[in-house]
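Enquirer: Provided below are the primary sequence and the corresponding predicted coordinates.
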Number of protein chains: 4
Amino acid sequence: MSAVRGFASDNYAGVLPELLEAIAAANTGHAVSYGGDDWTARVGELFRSHFGDDARAALVFNGTGANVVALQGLCRPYEACICASTAHLNVDECGAPERVAGLKLLAVDTPDGKLTPELVQPRLVRFGDEHAVQPKVISITQSTELGTLYTPDEIAALADQAHSHGMLLHVDGARLSNAAVALGVPLRAITTDVGADAVSFGGTKNGTMLGEAVVFLREGLGGDVLFLRKQSMQLASKMRFIAAQFEALLTDDLWRRPAAHANAMATRLAGAVGQIADVEITQEVQANAVFAILPAAATASLQERWKFYVWDENSGEVRWMCSWDTTEEDVDAFAADVREAVA
Amino acid sequence: MSAVRGFASDNYAGVLPELLEAIAAANTGHAVSYGGDDWTARVGELFRSHFGDDARAALVFNGTGANVVALQGLCRPYEACICASTAHLNVDECGAPERVAGLKLLAVDTPDGKLTPELVQPRLVRFGDEHAVQPKVISITQSTELGTLYTPDEIAALADQAHSHGMLLHVDGARLSNAAVALGVPLRAITTDVGADAVSFGGTKNGTMLGEAVVFLREGLGGDVLFLRKQSMQLASKMRFIAAQFEALLTDDLWRRPAAHANAMATRLAGAVGQIADVEITQEVQANAVFAILPAAATASLQERWKFYVWDENSGEVRWMCSWDTTEEDVDAFAADVREAVA
Amino acid sequence: MSAVRGFASDNYAGVLPELLEAIAAANTGHAVSYGGDDWTARVGELFRSHFGDDARAALVFNGTGANVVALQGLCRPYEACICASTAHLNVDECGAPERVAGLKLLAVDTPDGKLTPELVQPRLVRFGDEHAVQPKVISITQSTELGTLYTPDEIAALADQAHSHGMLLHVDGARLSNAAVALGVPLRAITTDVGADAVSFGGTKNGTMLGEAVVFLREGLGGDVLFLRKQSMQLASKMRFIAAQFEALLTDDLWRRPAAHANAMATRLAGAVGQIADVEITQEVQANAVFAILPAAATASLQERWKFYVWDENSGEVRWMCSWDTTEEDVDAFAADVREAVA
Amino acid sequence: MSAVRGFASDNYAGVLPELLEAIAAANTGHAVSYGGDDWTARVGELFRSHFGDDARAALVFNGTGANVVALQGLCRPYEACICASTAHLNVDECGAPERVAGLKLLAVDTPDGKLTPELVQPRLVRFGDEHAVQPKVISITQSTELGTLYTPDEIAALADQAHSHGMLLHVDGARLSNAAVALGVPLRAITTDVGADAVSFGGTKNGTMLGEAVVFLREGLGGDVLFLRKQSMQLASKMRFIAAQFEALLTDDLWRRPAAHANAMATRLAGAVGQIADVEITQEVQANAVFAILPAAATASLQERWKFYVWDENSGEVRWMCSWDTTEEDVDAFAADVREAVA
């Protein structure tokens, strides 16, 4: 059963062929370890080309690592991070931000996974009061854990709010590529150019075997990221094999293709199941996720044949993720099964 | 310069071809993420076959992660780990054991990187005294950071000592394969069978792209390793690609070949340079490392052509590591250059 | 201005005279430090008499220390504590639970500072899922930070809920004395006898100079509290001076008098200001706190003469605390000023 | 037995009468909590008068708290503190520096508890190497845990060494008063004036009930100490009672008297026992401690009547501490018993 196709997560997919080729091509002789290699040097340059001249990227193993290293780079331990209550940081990292970084998260309920200045505002209190953690970072996820998107203007508004309080804006971009493709903009248009200070740039969900990047976007930030990365146990010795994948992804905008495909499959899926009675699509489908509520019996029946997660044990909401390797046949067969299951 | 060959570290080498093939072969369709895949299941069985029926293995990203997850599984935060002052844990993990696990290390000076019951004994004090961290784990490195080996009897003596104080024995086995090959024994003969309770089993230095394993060897240990691994940011989503490498390494004892080769190259190197006047080999060459003191000018000259590290800035001792891909030509050319440099 | 009387906090009051006398009486010759003294031994017995034979008390410096030591005694680092979003743990400890204990708090919004099984239930999910912190403790505050009370039955219901999920119930009893007095019950009737597993028993707000107690109530809990206390920097060397205060408080139920007085003063205050138009009392006044909303201009005017805190910067809600030394004259004068300020 | 007199620790003594009076005098009406009171304000001024205009003091509960708050104020988490292996930080804080601050200590063996530039030098390596913690602080204890003293010149030499590497000098001054008295200098002559950057200034061992101070000595240091103190659970609510004690101690140099007395008693004790055959005084007696080796049987016999600690379980070395309340009669009676026990 473990190899069955499904919509459980975009990390059930394997490695994009071009990236596997890049890995194989990098397997040539000796290379300086821990990032002293040529691939890593070239990737640093590519990150600057995508995120601006001040971008300082450090490759890490996984998304939790990227987020936690980024927050450590931005915060003293009594400083806090405001995030949506649905943020991966808050619900899917097993307390790593609290445990490893020692940071408190200030979680904000949202209807759609998106923070807004209005939602954030009530948490911007008690500055200077030593009894309270001090808000220092607003962290948004783009695209969100609910498959929704921030427009560039929405991000700019949050960045302005953060900066006006001496705070910083972090973007958890595990699916930043999906967002940029959906919005039809370059990566920097939803990060550097609209005021973000740091980004966790995702690779895994867009086709790498593993590997994410912490990218500090402004001068004066991230100066000690190499130490934080090492101490946070996110430093790969044979770094070239992570770097080679990012080099491939970031060259000639290869990153756009898998993201665009995953997004298109989600749109197709939403189109197909959205018309079914008893299936309620609960979030606007803007990237590569479809959220829906359907009868519990239908969910149980579908899960016998397809992998996917119940998102909310209480409401019965499910999550269907599309990936770079989801096929039209997958979507159509699944949609047909959904139709049958709810019938 | 970054691709130049050398003896800097066994992680300057790339991926063993069989392991790269295993990765490619695993890149087929969907697999359950986070270790719910078939490769991981098979690897769990292979670890039991090598380390005993009670072995519980969890794959992690790197050696620091393996050590820190293992120690968290063995200790409460006020419990401490006794290790050699040269241990990787103590000097090369940027304080991750202290920072992530919150643990104090009790470092013991040794002449050769090896703990002995006599060296450990003075640290076995103040049990029950709340002002002092409580010794709970003895951690040894096999083969050591100085390229030396523990015999099975030496390990058994330390395990007995630990157990007689209600303590546990951990083996940092980043190079356990080199040790087992050098000693001509199976992996369990220097771990499970001589009383070790947990091992960090290395992959990277023996040919994987990345990936190590935390292996708890006794019933009742490691029951919460999955949570500790995730919280410590050591959980890979596309786990199959790490598992596939270990599956290959542990099948038909493939792990022996690269380790044996690296060891043989170190022996060859020691043989070649050991006869040179002004080169003093400082540690017995038992695995894949050669430590030597040579004139500072010679070191500087050699480092213009070959990568290697000065191990001790104060004494001028250098470390030369051999890897699975070190060739006889590498060794001979380097030895010739050493001879010339010191002349 | 700093010595002005007011209603800012019950810790603006000084030391109950009997407790200062107990301190002075303890200042006689030598005593074993760190709790090896006779006062501490007697206090341990007194805690057992109040909380049951299995009670194991450890005296600490302050309330944050008590809570964080208690939670460390109850949780592994990936386990989480469910608490009201208004809990002191969550909002007034500057992230100490996250930083020192490494624990994530799962904050639940409540109308009155009180958790209920219904409010807790949605957080009892994802057991066994390594991506999520595992709920292990429900922490309630008695009396709450909003001056409200749990009945014994309400606590029992939460304890049952916790235990049915393999979890534990912790009571932050910084004002447990106020609660017991208000309910007219002994301390164990709202802790041990209704299923609580550990309590932070407050002294400071009931008249000690400083000093709180972590009390584990069940066999098998708190076995390592002495180490956790020391490592958490909560171990006093001249412990007798904290112990002497608790000895006095817990002897002949002295603790009841200051708590009863503070409660009575809050009732008097609520009675006086509750009839004033434009003053809305926002929480039921059950212990020693009065919460109210009044016009911002009135608050500003009052704060020129009286010390108190604005509780909610957004709504303008204020908090007025009564203490063991609040006088009827204080209350009447303040109420008159409130009436004048809102007029 | 717990109240027996002895030489176990200077914290077996009680509270200096003047300080108990200061506490009682402070118990008058309301005072702003958490350090917003007048006593704390005056103490801040007194610290500036003793340590210089840039001194910023924060009162904490205990010595471990002072050290750990100080180090957090001086270090990022991957930065390390060099200290003597006998330092309280290293051996008597149950791993609090590692656990709470997340810092690694680099312990240096010394013959007499004193660091020297020569002993420190070998640890000043690997700057910029992300695999190693980065030395940032040299911490010395004055007077040392072995009862020895640093001269002002010796401290200046270590401060120079630290500063020349971009590092800082911290003084654990749990017994700074004893040192200043013994050297016949003001407090700043062995701290601020010789280059120290921060000091943990002790109160408890010199007569307070409890309470120590973290003092940052240079502009630009300690700006966030209030947050670090709170998060480290070292913030007293009724601060005036700690502040009142320091106000008394620091006024008219009251601190000199108890320290001078304790020192004199140690000198008297050393004089009396030093002449006894079979008693070897092992450290120069410069402050209020006497270290000696005597036959194990004698130690056992003495401990039936007097409280003191065996310092080194392996060598049989014992520690005898004198305190502000040690009497000449105590010393003479004890010395006579020593003579008898070894006979």
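Expert: The structure has been received and is ready for your questions.
Enquirer: quick one: average pLDDT of stretch A:319-335?
Expert: For stretch A:319-335, the mean pLDDT works out to 97.
Enquirer: can you list contacts of that stretch?
Expert: A:5-14, A:16, A:205-207, A:257-259, A:261-263, A:265-266, A:268-269, A:272-273, A:288-292, A:306, A:308-311, B:29-30 (CB atoms under 8 Å, 6 or more residues apart in numbering or on different chains). Bear in mind the C-beta positions are built from the backbone N, C-alpha and C, glycine included.
Enquirer: which non-adjacent residue is nearest the residue nearest to the spatial centre of chain A?
Expert: In chain A, the C-alpha nearest the mean C-alpha coordinate belongs to A:Ala174, at 1.8 Å (CA atoms, centre = their mean). Spatial nearest neighbour of A:Ala174, chain neighbours left out: A:Gly202 (3.7 Å); criterion: CB to CB, 6 or more residues apart in numbering or on different chains.
Enquirer: Flag the shaky bits of chain A, pLDDT-wise.
Expert: A:1-3 (pLDDT under 70).
Enquirer: In stretch A:126-142, which residues are buried?
Expert: The neighbour-count check on stretch A:126-142 (16 or more other CB atoms under 10 Å in any protein chain shown) flags A:130-142 as buried.
Enquirer: now do stretch A:236-255
Expert: A:236-250, A:254-255.
Enquirer: close to chain B, is stretch A:48-65?
Expert: Yes - remark: stretch A:48-65 sits within contact range of chain B at A:Phe61, A:Asn62, A:Thr64, A:Gly65, by CB under 8 Å from any CB of the partner chain.
Enquirer: What is the most widely separated pair among the residues you listed?
Expert: A:Phe61 and A:Thr64 (8.8 Å; CB to CB).
Enquirer: what do those two both touch?
Expert: Listed as contacting both A:Phe61 and A:Thr64 by CB under 8 Å, 6+ apart are B:Met233.
Enquirer: Do I have it right that A:Lys136 meets A:Leu74?
Expert: Yes - if you go by CB atoms under 8 Å, A:Lys136 and A:Leu74 touch, sitting 6.5 Å apart.
Enquirer: so is A:Val310 in a helix, a strand, or just coil?
Expert: Under DSSP: H, G, I helix; E, B strand; the rest coil, A:Val310 falls in the strand class.
Enquirer: how about A:Val91, phi and psi?
Expert: Main-chain torsions, A:Val91, degrees, to the nearest 10: phi -120, psi -10.
Enquirer: my guess is A:Ala341 meets A:Ala292, correct?
Expert: No - with contact defined as CB under 8 Å, A:Ala341 does not reach A:Ala292; the gap is 11.9 Å.
Enquirer: what's near enough to touch the residue nearest to A:Ala174?
Expert: A:Gly202 neighbours (CB under 8 Å, 6+ apart): A:Gly63, A:Ala66, A:Gly173, A:Ala174, A:Arg175, A:Leu176, A:Ser177, A:Glu212.
Enquirer: These in helices, which ones?
Expert: Applying DSSP state H to the contacts of A:Gly202, the entries found in helices are A:Gly63, A:Ala66, A:Leu176, A:Ser177.
Enquirer: Quick check: which element contains the closest residue to the last one other than its chain neighbours?
Expert: Translated: A:Ser177. With sequence-adjacent residues excluded and distances taken as CB to CB, 6+ apart, A:Ser177 is closest to A:Ala259, at 3.9 Å. Element membership for A:Ala259, per DSSP states H and E: helix A:256-273.
Enquirer: A:Ile138 now?
Expert: Using DSSP H and E, A:Ile138 sits within strand A:134-141.
Enquirer: That strand and chain C, any residue contact?
Expert: No - if you take CB under 8 Å from any CB as the test, strand A:134-141 misses chain C, and the best it gets is 8.5 Å.
Enquirer: Give the other helices and strands that that strand contacts.
Expert: helix A:63-74, strand A:79-84, helix A:152-164, strand A:168-173 (3 or more CB pairs under 8 Å, 6 or more residues apart in numbering or on different chains; DSSP states H and E).
Enquirer: so which of the ones in helices among the contacts of A:Gly202 comes closest to chain B?
Expert: Distance to chain B, by CB to the nearest CB, is smallest for A:Gly63 among the ones in helices among the contacts of A:Gly202, at 8.0 Å.
Enquirer: which one of the ones in helices among the contacts of A:Gly202 is nearest chain C?
Expert: In terms of CB to the nearest CB, no member of the ones in helices among the contacts of A:Gly202 lies closer to chain C than A:Gly63, at 11.2 Å.
Enquirer: My read is that the closest one contacts A:Ala87, right?
Expert: No - counting by CB under 8 Å, A:Ala87 is not a contact partner of A:Gly63; they are 11.4 Å apart.
Enquirer: Now the common contact residues for these two.
Expert: Taking CB under 8 Å, 6+ apart as the contact rule, A:Gly63 and A:Ala87 both touch A:Asp172.
Enquirer: In PyMOL, how would I select just the buried ones from the residues of stretch A:48-65 next to chain B?
Expert: Here is the PyMOL command that selects only those of those that count as buried (16+ other CB under 10 Å):
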select buried, chain A and resi 61+62+64+65
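Enquirer: Kindly reformat the residues of stretch A:48-65 next to chain B as TSV containing distance to chain D.
Expert: Below are the residues of stretch A:48-65 next to chain B laid out as TSV (distance: CB to the nearest CB, whole Å):
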residue	distance to chain D
A:Phe61	15
A:Asn62	19
A:Thr64	18
A:Gly65	15
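Enquirer: ok, which stretches of the stretch 201-343 of chain A are helices?
Expert: Secondary structure of the stretch 201-343 of chain A (DSSP state H, counting those that start in this stretch): helices at A:225-231, A:240-250, A:256-273, A:296-303, A:328-342.
Enquirer: Reformat those helices as JSON lines; add distance to D:Asp92.
Expert: Shown next, in JSON lines, are the helices of the stretch 201-343 of chain A (distance: least, CB to CB, whole Å):
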{"stretch": "helix A:225-231", "distance to D:Asp92": "26"}
{"stretch": "helix A:240-250", "distance to D:Asp92": "43"}
{"stretch": "helix A:256-273", "distance to D:Asp92": "56"}
{"stretch": "helix A:296-303", "distance to D:Asp92": "56"}
{"stretch": "helix A:328-342", "distance to D:Asp92": "63"}
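Enquirer: any idea how far chain D is from the residue in the stretch 201-343 of chain A positioned nearest to chain C?
Expert: Residue of the stretch 201-343 of chain A nearest chain C, by CB to the nearest CB: A:Glu313 (4.9 Å). Using CB to the nearest CB, to the nearest Å, one obtains 34 Å as the distance from A:Glu313 to chain D.
Enquirer: Not counting its neighbours along the chain, what's nearest that residue?
Expert: Per CB to CB, 6+ apart, closest to A:Glu313 is C:Val125, 4.9 Å.
Enquirer: what's the spacing between A:Asp172 and A:Gly63?
Expert: With distances taken as CB to CB, to the nearest Å, A:Asp172 is found 8 Å from A:Gly63.
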